[in-house]
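# need coordinates for the below:
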Amino acid sequence: MTKRFILACLAGLLTWMVVVSVINRMLRLSLPNYTAAEHTLQFTLGMKWARLLMAIVTSAAAGAVTAWISRSRSWAPLIVGSVVLVMFLPVHIAIWSKFPVWYHLTFLLTIIPAVLAGALLPRHAEVP
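Predicted coordinates:
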């Protein structure tokens, strides 16, 4: 593996963490009772959809950064998406009874496709 490939994967994962944190902060500030719902996992339907959209946008951003840094349509975005999926599988198993099945499946089954879709976004600047 090249250094660029490893850097691309790490940057994609870091992007995922940063973007999800920023969007989650925006949800806390903009949705009434969202912060309280986070503590109890008692989200409204709108909050659940907002969280799913957050995960999709975050995954696409991670894929875009990964592809941009790797400079190619390499395996790096697939690895990033797979790592994110593996990180969240135990979390969703642990909270399985707290959310409807459609929520878990939507979250888990869209991670890798969203990362791969983000990797297909056009890149306008090249990394040196």
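
# how about the secondary structure of Pro32?
With DSSP: H, G, I helix; E, B strand; the rest coil as the basis, Pro32 sits in coil.

# ugh, typo on my part, it should be Ser74
Three-state assignment for Ser74 (three-state DSSP): coil.

# what about it, distance to Thr40?
In this view, Ser74 and Thr40 are 42 Å apart by CB to CB, to the nearest Å. No exception for glycine: its C-beta is placed from N, CA and C like everyone else's.

# which one of these two is surrounded by more residues?
Ser74 (18 against 8; other CB atoms under 10 Å).

# how close does that one sit to Arg4?
Taking CB to CB, one finds Ser74 at 9 Å from Arg4.

# thinking Lys48 is in contact with Tyr103, fair?
Yes - the criterion here is CB atoms under 8 Å, and Lys48 meets it with Tyr103 at 5.6 Å.

# buried ones in stretch 24-42?
Across stretch 24-42, burial judged by 16 or more other CB atoms under 10 Å covers Asn24, Leu27, Tyr34, Ala37.

# try stretch 106-117
Across stretch 106-117, burial judged by 16+ other CB under 10 Å covers Thr106, Phe107, Leu108, Thr110, Ile111, Ile112, Ala114, Val115, Leu116, Ala117.

# please convert those residues to JSON lines, extending it with pLDDT and secondary structure.
JSON lines is the format used below for those (pLDDT from 0 to 100; DSSP: H, G, I helix; E, B strand; the rest coil):
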{"residue": "Thr106", "pLDDT": "97", "secondary structure": "helix"}
{"residue": "Phe107", "pLDDT": "97", "secondary structure": "helix"}
{"residue": "Leu108", "pLDDT": "98", "secondary structure": "helix"}
{"residue": "Thr110", "pLDDT": "97", "secondary structure": "helix"}
{"residue": "Ile111", "pLDDT": "98", "secondary structure": "helix"}
{"residue": "Ile112", "pLDDT": "97", "secondary structure": "helix"}
{"residue": "Ala114", "pLDDT": "98", "secondary structure": "helix"}
{"residue": "Val115", "pLDDT": "97", "secondary structure": "helix"}
{"residue": "Leu116", "pLDDT": "95", "secondary structure": "helix"}
{"residue": "Ala117", "pLDDT": "95", "secondary structure": "helix"}
